[in-house]
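**Q** This is the structure alone, sequence omitted:
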């Protein structure tokens with residue numbers, strides 16, 4: 001296990017949301033994995049964590065971040081298409097960015113619900 005070389009800084013909470021920036025507890029996405037216990041404790045304490053500036057650009061990087069919190073990503077939600085090769089990462093909606101998407105109840109028909117939304 002890698003030693004934590006980042007001291008805990010005062011957390012910025014815009015609108016009351018626990019927000020983590022690179023350099024607070026980890027330099028980058030790879031370092032975040034070593035802080036899993038602290039991150040899960042903060043999530044439990046605050047109910048939400050907003051990550052800013054970690055440059056998550058691919059489904060694989062998003063999955064890496066998600067796996068810090070759970071190794072049980074939804075296998076199939078029955079509505080959305082999984083992203084190729086991402087296993088458990090889905091497009092939010094198959095709808096053109098040029099079109100207006102009306103408010104709706106996402107996955108309201110599902111019999112099981114995720115414990116966490118990322």
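**A** Now that the structure is in, tell me what you want to look at. No experiment lies behind these values; they were computed from the predicted model shown.

**Q** Which residue ranges of this protein form strands?
**A** Taking DSSP state E as the criterion, the chain contains strands spanning 18-20, 49-51.

**Q** For residue 81, which of these is the nearest?
**A** strand 49-51 (24.5 Å; Cβ to Cβ). All C-beta spots, glycine's among them, are computed from the backbone N, C-alpha and C.

**Q** Show me what the closest one is in contact with.
**A** 17-20, 32, 39, 42-43, 65 (Cβ atoms under 8 Å, 6 or more residues apart in numbering).

**Q** Which residues in that strand does the neighbour count mark as buried?
**A** Buried residues in strand 49-51, counted by 16 or more other Cβ atoms under 10 Å: 49, 51.

**Q** Buried residues, stretch 56-66. List them.
**A** So, applying 16+ other Cβ under 10 Å, buried residues of stretch 56-66: 59, 61-63, 65-66.

**Q** Same list, these, but as a markdown table with pLDDT and distance to residue 102 please.
**A** Formatted as a markdown table, the buried residues of stretch 56-66 follow (pLDDT from 0 to 100; distance: Cβ to Cβ, whole Å):
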| residue | pLDDT | distance to residue 102 |
| --- | --- | --- |
| 59 | 84 | 26 |
| 61 | 87 | 31 |
| 62 | 85 | 26 |
| 63 | 85 | 29 |
| 65 | 87 | 30 |
| 66 | 86 | 28 |
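
**Q** if we can go back for a sec, switch the strands of the chain over to JSON lines; also include mean pLDDT and distance to residue 109.
**A** Rendered in JSON lines, the data for the strands of the chain read as follows (pLDDT from 0 to 100; distance: least, Cβ to Cβ, whole Å):
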{"stretch": "strand 18-20", "mean pLDDT": "84", "distance to residue 109": "32"}
{"stretch": "strand 49-51", "mean pLDDT": "87", "distance to residue 109": "29"}
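
**Q** What's the separation between residue 84 and residue 58?
**A** Applying Cβ to Cβ, to the nearest Å, the value for residue 84 to residue 58 is 11 Å.

**Q** give me the number of residues near the residue nearest to residue 101 when sequence neighbours are not counted?
**A** Spatial nearest neighbour of residue 101, excluding adjacent residues (Cβ to Cβ, 6 or more residues apart in numbering): residue 95 at 5.2 Å. Applying other Cβ atoms under 10 Å, we find 10 residues neighbouring residue 95.
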